[in-house]
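Undergrad: Here's my sequence, what's the structure:
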Amino acid sequence: MDVMSVLGAGAAGLMLGVAVRKAAGLLAAAAGLFLLGLFVLETQGLITVNWDAIMQMMNDLVNKITEDFVGYLREHGVSLGAFIIGLVIGAKL
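TA: Numbering: from 1, shown residues only. Below is the predicted model of the structure:
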C-alpha cells in the first residue's frame, strides 16, 4: 500500500465528512418533521400508524448497514482506516 493511496483516502474522507455533516442535519430535520406530521395526523384520528412496524423497519435497516460496513472494513483495511479518520475529522470541522 503506497503512501499516496492512504493520503488520498484520508483526503476523500475529510471532504465527505464535511458534506455528510451538512446533509445529516437536513436529513434529520426532514425525518423529524415527517414523524411529527404522522404523530399529529394520528392524534387527530385521521390515520393509524403502526409504530412497532416502523421501529422494526428502522432496526432492520441499522443492522443491515452495520453488517455491510463491518464486511467492507474487513476487506479494505488500511485505506479505509485512513478514509474513516478523514471522515471523522471532516465531520468535526
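Undergrad: Only C-alpha atoms from now on, for both contacts and neighbour counts.
TA: OK.
Undergrad: Which helix or strand contains the most centrally placed residue in the chain?
TA: Per Cα atoms, centre = their mean, the C-alpha nearest to the average position across the chain is that of A24, at 7.5 Å. In the assignment (DSSP states H and E), A24 maps to helix 3-43.
Undergrad: next one: D60
TA: Counting by DSSP H and E, D60 is part of helix 51-92.
Undergrad: and that helix, what does it pack onto?
TA: helix 3-43 (3 or more Cα pairs under 8 Å, 6 or more residues apart in numbering; DSSP states H and E).
Undergrad: now the helix it packs on: how far from the chain's centre is it?
TA: 6 Å (Cα atoms, centre = their mean, to the nearest Å).
Undergrad: Let me see the mean pLDDT of that helix.
TA: Averaging pLDDT along helix 3-43 yields 87.
Undergrad: and it with helix 51-92, angle?
TA: 140 degrees (axes from the mean of the first three to the mean of the last three Cα atoms, to 10 degrees).
Undergrad: okay, now the domains of the chain?
TA: 18-49, 50-93 (automatic domain parsing).
Undergrad: how near is V88 to A19?
TA: 11 Å (Cα to Cα, to the nearest Å).
Undergrad: Give me the more crowded residue out of those two.
TA: Shown here are V88 and A19; by other Cα atoms under 10 Å, V88 has more neighbours (17 against 14).
Undergrad: any idea what sits nearest the more buried one, other than its immediate chain neighbours?
TA: Distances taken as Cα to Cα, 6 or more residues apart in numbering put G17 closest to V88, at 6.2 Å, once the chain neighbours are dropped.
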